[in-house]
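In: my questions are about this predicted structure, shown below with the sequence.
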Protein chains: 2
Amino acid sequence: MTFANVGVLETAPGRRDEVVAVLTRHNPELGAAGCLSYEVGVDDAAPDTVFVTELWESEDAHRASLRLPGVRAAIVEARPLLAGMDGRRFTVVGSPLRD
Amino acid sequence: MTFANVGVLETAPGRRDEVVAVLTRHNPELGAAGCLSYEVGVDDAAPDTVFVTELWESEDAHRASLRLPGVRAAIVEARPLLAGMDGRRFTVVGSPLRD
């Protein structure tokens, strides 16, 4: 079943755009690993926060992706720029866009 | 710019599946109104919680959708089943899936 990972990343003060740059860097591994959607966003009302909303073919696909070289490299690069991380993960059970 | 709305809906005890049924009911209005993605999900570790992650063509499209008849009806139907609601909204600035 489709698996969703929604993250709220608190960055060190003033480092938001650097984290956005790391997370939005094109990574062809992700699609091949079962990533259906991966959107990175910001909210001007939260200047030191980066949001991600991801959809994966399965929870296993998401978990396996964390071992991909490109993903591990991005985590290593972003980690020093972060002050905290929160998020929710859930299994998709439907959509009003689909009959 | 693409706009994301991520919601965490706390339901009244035992009413989660009814809320899921309301939110996943097919609604052709949404696509026509600029809804790009609308996924409803659950997490067995949170039996009285429903998650939604939505992507819209714009913040305006999302705001306008709240006035659609089908959306208003769903809100009226779901509201008595809810105990609380939280969420984050943000503007999408990129994706590692896109070059």
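Out: Alright, I've got the coordinates.

In: which stretches of chain A form strands?
Out: Using DSSP state E, the strands of chain A run over A:3-11, A:35-42, A:49-56, A:82-94.

In: winner for burial among the ones you listed?
Out: The highest mean neighbour count among the strands of chain A, using mean count of other CB atoms under 10 Å in any protein chain shown, belongs to strand A:49-56: a mean of 24. Glycine gets a C-beta too; all of them are placed from N, C-alpha and C.

In: list the contacts of that strand.
Out: With contacts defined as CB atoms under 8 Å, 6 or more residues apart in numbering or on different chains, strand A:49-56 is touched by A:2-11, A:16, A:19-20, A:23, A:34-43, A:62, A:65, A:87, A:92, B:4, B:6, B:37, B:39, B:53, B:55, B:88, B:90.

In: near chain B, which residues of chain A are found?
Out: Proximity of chain A to chain B (CB under 8 Å from any CB of the partner chain) is limited to residues A:2, A:4, A:6, A:8, A:20, A:23-27, A:30-31, A:35, A:37-43, A:51, A:53, A:55, A:74, A:88-99.

In: 7 Å instead, please
Out: A:2, A:4, A:6, A:8, A:20, A:23-27, A:30-31, A:35, A:37-43, A:51, A:53, A:55, A:88-99 (CB under 7 Å from any CB of the partner chain).

In: hey, what's A:Cys35 bridged with?
Out: For A:Cys35, the beta-bridge partners under DSSP bridges are A:Trp56.

In: thought B:Pro96 was touching it, still the case?
Out: No - taking contacts as CB atoms under 7 Å, A:Cys35 lies outside contact range of B:Pro96: 8.3 Å.
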